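# Sequence below, structure please.
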Amino acid sequence: MDLARTEVTEAKARPGKGRSRGGAARLGLMAVPVAFFALFFAYPVSAIVGRGLHIDGAWQFGRITEVLGQSDIRHVLWFTTWQALASTALTLLIALPGAYVFARFDFPGKQVLRAVVTVPFVLPTVVVGTAFLALLGRGGLLDELWGVRLDTTVWAILLAHVFFNYAVVVRTVGGLWAQLDPRQEEAARMLGASRFRAWRTVTLPALGPAVAAAALMVFLFTFTSFGVVQILGGPAYSTLEVEIYRQTAQLLDLPTAAVLTIVQFAAVGLILAVHAWTVRRRESALKLVDAATVARRPRGAGQWTLLGLVIATVAVLILLPLGVLIQRSFDGPDGFGFAYYKELTSAEGGAFLVPPIEAVGNSLRYAIVATAIAVVIGGLAAAALTRRAGRLVRGFDALLMLPLGVSAVTVGFGFLITLDKPPLDLRSSWILVPLAQALVGVPFVVRTMLPVLRAVDGRLREAAAVLGASPLRAWREVDLPMVRRALLIAAGFAFAVSLGEFGATVFIARPDNPTLPVAVARLLGRAGDLNYGQAMALSAILMVVCAVSLLLLERIRTDRTTGEF
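You can find the predicted model right below:
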């Protein structure tokens, strides 16, 4: 052991060679993810933009000002921006008390409740829209009880966005809050500060970067909202993503779609740049403690009241829409029963070439393959990002997040027009759907794995190398045992979000192999109670699968925070 320690010390004395080997290893790890994103993200998106703006052998950049000068496009831009701001503010207002409760309180059922609040985030937006349609729409619970309908109003969109993004704030802010040392705030109280002043001057500044990061992520998801707005907003409301879909799929106006894609890409790039800055501040500026030492049972009437209010909020905001969705799925034409579920086994009616129930098996198979791809690509990317480096690596980190904000509609349509020639003639291949789903899963794998990989002591790897272990064996013997749980959690999140991917899959899923979100959207797009009931049944199935996945994740989750999610 002394010999190993001596050789490690000597290796550290040769920093130039070590940095060179480290840089070469980082570039090697980055090669596969960069190639994957270049081929299946940058290429399709740039092809769509090129076809829209490169007309008759020349670039038509004047089209940008022409499109942005249209009053209806300006209205779309304005609505997209202000509804995202309103959704973000409302989500923070409602979710921050929940973040505090999950961070500082220990109570029975906490793991189950954490899984429950995360279910909406991994549900496809089309299912979120369906749940709120069952609650707020024609024949919904509010309509039956009080004759109130909120579908086709902005309030339905805002509430659905809060429902969808509640977990982002709880996990991002609550994850950091759980690791802040409470003794700092207690010291301020002992020096005479009131409870509110101690929180405002000590805790709030420390939470600032996490709150900013959560707000930016919520803004990003609501700025690019598609399924929720399409189902609940009606023709009066359209975000950039919805308008890109309309211009691409319905009007076949690629120049306008290309301009809107550029605008969305620029906005998303700015948001992600600010988000990366807030994450770096959070990582470097705080001294954290083990979260297990902070949580305790509520004390006093005030804390128990706060816990009760948070549970009530979760019940009304999250459980009620999901419960109404399940209730509608059993409310058949002949009374309460399994009529709509039985209809899923029949292909009659013309909505599908196969029975709708086959979408369940298709989605599971696609999601398993997409998860494997996302874990490999995201794992390599996280390993490359383990050691902080310069602008190249920070740019690579931002690249990995782009699929969460860039139009999935553009990516899906880009797949169709680019991956249609040898050697990548994939347009009729089943692998196209998992590739699109993996693009969304990779960011979750990276964000989950990266903090854990950075926590592994590099001296352990160096000692294994000195003792003769190859890089692969060193990774298997040193890193893998320490990151196994995080790897399982990352795979679980990738699986759940792959199940729910809709924006790109709606273009590339074949009629004889629909996925669950595509099947739900097609059923909702057809008139009749039977189609509506089958959409509710499929949505309920997908919700149960996602809920079970998250409950399993909570069981293997460590007490310490694993990544941002």
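# quick one, strands of the stretch 201-350 of the chain?
331-332, 335-336 (DSSP state E, counting those that start in this stretch).
# Of the ones you listed, which is nearest Leu432?
strand 331-332 (35.8 Å; Cβ to Cβ). Any C-beta I mention is one placed from the backbone N, CA and C, and that applies to glycine too.
# next one: that closest one to chain centre, how far?
Distance of strand 331-332 from its chain centroid, counting by Cα atoms, centre = their mean, to the nearest Å, is 32 Å.
# so what strands line up beside that strand?
Sheet pairing for strand 331-332, assigned by DSSP bridges, gives strand 335-336 (antiparallel).
# Name the nearest residue to Arg296, ignoring sequence neighbours.
Closest residue in space to Arg296, ignoring its immediate chain neighbours: Asp106 at 5.7 Å, by Cβ to Cβ, 6 or more residues apart in numbering.
# can you pull the buried residues of whichever helix in the chain runs longest?
Secondary structure of the chain per DSSP state H: the longest helix is helix 71-104. For helix 71-104, a neighbour-count test (16 or more other Cβ atoms under 10 Å) marks 73, 76-77, 79-80, 83-84, 87-88, 90-92, 94-96, 98-104 as buried.
# Give me the below-cutoff pLDDT ranges for the stretch 351-500 of the chain.
Applying pLDDT under 70 to the stretch 351-500 of the chain picks out residues 351-352, 387-395, 405, 455-458, 461, 471-472, 475.
# quick one: the strands in it?
Counting by DSSP E, counting those that start in this stretch, the strands of the stretch 351-500 of the chain are 420-421, 424-425.
# Indicate which one of those strands is closest to Val483.
Across the strands of the stretch 351-500 of the chain, Val483 has its closest neighbour in strand 424-425 (32.7 Å, Cβ to Cβ).
# Pull up the pairing partners for the closest one, direction included.
strand 420-421 (antiparallel).
# For the strand it pairs with, report the contacting residues that lie outside it.
Residues from elsewhere that reach strand 420-421, judged by Cβ atoms under 8 Å, 6 or more residues apart in numbering: 426-427.
# how far does that strand sit from the chain's center?
Counting by Cα atoms, centre = their mean, strand 420-421 comes out at 30 Å from the chain centroid.
# try stretch 257-270
19 Å.
# Stretch 169-182 too?
Worked out by Cα atoms, centre = their mean, stretch 169-182 lies 19 Å from the chain centre.
# next one: stretch 254-265
23 Å.
# and if you look at stretch 60-73?
Distance, centroid of stretch 60-73 to centroid of chain: 31 Å (Cα atoms, centre = their mean).
# per the record, what domains does this structure have?
If you go by automatic domain parsing, the domain ranges for the chain are 91-234+289-325, 335-390+426-565.
# Adding distance to Tyr43, write these out as a markdown table.
As requested, those are exported to a markdown table (distance: least, Cβ to Cβ, whole Å):
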| stretch | distance to Tyr43 |
| --- | --- |
| domain 91-234+289-325 | 20 |
| domain 335-390+426-565 | 12 |
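# so which of these comes closest to Gly52?
Here domain 335-390+426-565 is closest among the domains of the chain (Cβ to Cβ), at 15.9 Å.
# residues of stretch 240-250 that come out buried?
240-248.
# Pick the most buried one from the strands of the stretch 201-350 of the chain.
Of all these, strand 331-332 carries the top mean neighbour count, a mean of 18, counting by mean count of other Cβ atoms under 10 Å.
# List just the one of the domains of the chain that sits closest to Leu29.
Leu29 lies closest to domain 335-390+426-565 among the domains of the chain, at 3.8 Å (Cβ to Cβ).
# all helices for the stretch 451-565 of the chain, in order.
Using DSSP state H, counting those that start in this stretch, the helices found in the stretch 451-565 of the chain span residues 458-466, 471-474, 480-500, 505-508, 516-524, 529-556.
# Show me what the fourth one is packed up against.
Meaning helix 505-508. helix 408-418, helix 432-455, helix 516-524 (3 or more Cβ pairs under 8 Å, 6 or more residues apart in numbering; DSSP states H and E).
# Distance from the chain centre to it, please.
Its chain's average C-alpha position is 18 Å from that of helix 505-508, according to Cα atoms, centre = their mean.
# Adding distance to Phe502, write the strands of the stretch 201-350 of the chain out as CSV.
CSV is the format used below for the strands of the stretch 201-350 of the chain (distance: least, Cβ to Cβ, whole Å):
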stretch, distance to Phe502
strand 331-332, 25
strand 335-336, 29
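# could you dump those strands to CSV with mean pLDDT?
Shown next, in CSV, are the strands of the stretch 201-350 of the chain (pLDDT from 0 to 100):
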stretch, mean pLDDT
strand 331-332, 84
strand 335-336, 84
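# Which one, of those, ends up nearest to Ala519?
Using Cβ to Cβ, those put strand 331-332 closest to Ala519, at 18.6 Å.
# For the closest one, which outside residues touch it?
By Cβ under 8 Å, 6+ apart, the residues outside strand 331-332 that reach it are 338-340, 533.
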